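> sequence first, then the predicted structure, then my questions.
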Amino acid sequence: MEWSFTDDRPIWQQIVEQLTLKILKGEYPPGERLPGVRELAAQAGVNPNTMQRAMAQLEADGLAVGSRTAGRTVTNDVSVIEAAARARAKAAVAECLRVLEELGYSGEKALAFVKEELNHE
């Protein structure tokens, strides 16, 4: 797994975002065991405590399930994964609309612009 970090936010949050995206895209399917904290920390070049914090957040978000003996696995609850994907998509649309509004596009003009761009693909 290739990791990419920026200086604008804590690394553990960026790890959560990157792992979440991999779960939402199915790269880590429901029920699959996630790599261990030390393995992921070594891959990402971060302190194991940083990775542990990220993994704990994945559990808090309901995307991962921890077990003392089996490590962490991706949740089997597909509705949790679908809800997280929908929330991420809605946030992306909201950001897009915010930018279009800043540029002076009304709701209808923004929709027309998006449709036009979709037709160019």
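In hand now; what should we look at?

> could you use CA atoms for every contact and neighbour count after this?
OK.

> residues contacting residue 62?
When the contact criterion is C-alpha atoms under 8 Å, 6 or more residues apart in numbering, the partners of residue 62 are 75, 80.

> quick one: average pLDDT of stretch 29-46?
Per-residue pLDDT values over stretch 29-46 give a mean of 96.

> contacts for it?
By C-alpha under 8 Å, 6+ apart, stretch 29-46 touches 1-3, 23, 28, 47-48, 50-52, 55, 71-78.

> now for the chain, the helix or strand with the poorest mean pLDDT.
Lowest on mean pLDDT, DSSP states H and E among the helices and strands of the chain sits helix 107-119, with a mean of 87.

> just the buried ones from the contacts of stretch 29-46?
Using 16 or more other C-alpha atoms under 10 Å as the burial test, the contacts of stretch 29-46 include 23, 28, 48, 50-52, 55, 72-75 as buried.

> take those residues and keep only those in strands.
When DSSP state E is applied, these are split such that 72-74 fall in strands.

> turn these into TSV, including distance to residue 88 and pLDDT.
Converted to TSV, those look like this (distance: C-alpha to C-alpha, whole Å; pLDDT from 0 to 100):
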residue	distance to residue 88	pLDDT
72	23	96
73	21	97
74	18	98
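
> distance to residue 41 added to those residues, as JSON lines?
Formatted as JSON lines, these follow (distance: C-alpha to C-alpha, whole Å):
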{"residue": "72", "distance to residue 41": "15"}
{"residue": "73", "distance to residue 41": "17"}
{"residue": "74", "distance to residue 41": "18"}
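
> and those residues, which is closest to residue 64?
residue 74 (4.5 Å; C-alpha to C-alpha).
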